[in-house]
Structure formats: structure tokens, C-alpha cells
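Colleague: With the input below, show me the fold.
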Amino acid sequence: MATILPCEGKNPQFGKDCFIAPNATIVGDVIMGDACSVWFNAVVRGDVNNIRIGNKVNIQDGVIIHCTYEKNATEIGNNVSIGHNAIVHGCCVKDNVLIGMGAILMDKCVINSNTVIAAGAVVLEDTIVEANSIYGGVPAKKIKELPKDSLHGEIERIANNYVKYSSWFSEFNAAEKKE
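Modeller: Alright, predicted model coming up:
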């Protein structure tokens, strides 16, 4: 069963049709929208500040989402895919974003809408990522602009796939809700 714990009197809250893997950890001041998924070994720690997650967000295997005590909360918009082993820390991710596997987003960065952060990229503190772009490298830099329609299609495809994958575990989710 997933580890879902209160912290400082605040309990994680979940929208409708969310999948939480049995070994995921979600702690404290976390509010998650509808049709979200938190996959195996992912950690969402709202212990030192709050984490707000929109609708249709998938937090893939091994992801860590955290904040900075009394300084930087974490905000994640709608239709966001966060790839395996990424770290999202004290920053703002807008709508329709794909964060590649192993990427790191540091405090106070802003990832604007319709954007891809390449696998392994490191987005440094205070970086403002332009909308409709792909960023990659260490430190992450703009690689190119992408047409909104082609980029949005790929981001939408991945987010929809994770909603489908979550449905494969609907029996498991129903069993957990009864406990």
C-alpha cells in the first residue's frame, strides 16, 4: 500500500480517478487534481512547503517532487508528464509540459506552457523557460522553438497514455479505497 502521511496537520488530497502505486510516497500539504498518477517509487513531499498538482499529471517511476522550507512551493499545471527519475524542486511548471527522464528543475525556475525539457537537462534556479520550446543540456538552454500544434500533440499523447496505463490498475485502486 502507498505511504500517504499527514505532516504538521496537513493531509494529502486527491482528485477523482487517481492512481497511486503501492510503493509511492505522498506526504503533507499536497493537493492533486483529477486523472493523475503517481508511479512506482515516486516521492511527493509536501512536508516543508505546499505542492499543488493540476489535472491529468503523471509522476513517473522514481520521480521526486519537493519544495524549499518557508521559501519555494511547487506548482504543477494540467496535462504534465514528469519522466522517470526526474527531480522537480520548489518551482512552477505550467500546463502542457513534458519533463524528460532524469531532468532536474531547481528552485524558482518557471517552465512555461507547451514546452519540453529534454532528458537529463538541468534547469538552474531562477531560469524562465520560454513557451513552445525545447530546452536541454547542463545547464539547460533553449534548443529550438517548436510549433505549438506539433508539440502539444506529443505532450497530449503521453499524458493520455498514462491515463490509460492507470486504468490497468483500476481494480487495485478500488480495493485501496475500501480500506
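
Colleague: shaky segments in this protein?
Modeller: 148-152, 172-179 (pLDDT under 70).

Colleague: distance between the top helix by length along the chain and the chain's centre?
Modeller: In the chain, assigned by DSSP state H, the helix with the most residues is helix 148-167. Shown here is helix 148-167, whose average C-alpha point lies 14 Å from the average C-alpha point of the whole chain (CA atoms, centre = their mean, to the nearest Å).

Colleague: Name the helix or strand for residue 17, please.
Modeller: For residue 17, there is no helix or strand it lies in under DSSP states H and E.

Colleague: Tell me the spacing between it and residue 161.
Modeller: The span separating residue 17 from residue 161 equals 15 Å under the rule CB to CB, to the nearest Å. Yep, even glycine has a C-beta here, placed from its N, CA and C like the rest.

Colleague: Counting neighbours, what do you get for the residue nearest to residue 18 when sequence neighbours are not counted?
Modeller: Distance criterion CB to CB, 6 or more residues apart in numbering; nearest residue to residue 18, sequence neighbours excluded, is residue 36 at 4.7 Å. Summarising burial for residue 36: neighbours were counted as other CB atoms under 10 Å, giving 26.

Colleague: Double-check residue 36 against residue 53; I have them as touching.
Modeller: Yes: between residue 36 and residue 53 a contact is recorded at 6.1 Å, counting by CB atoms under 8 Å.
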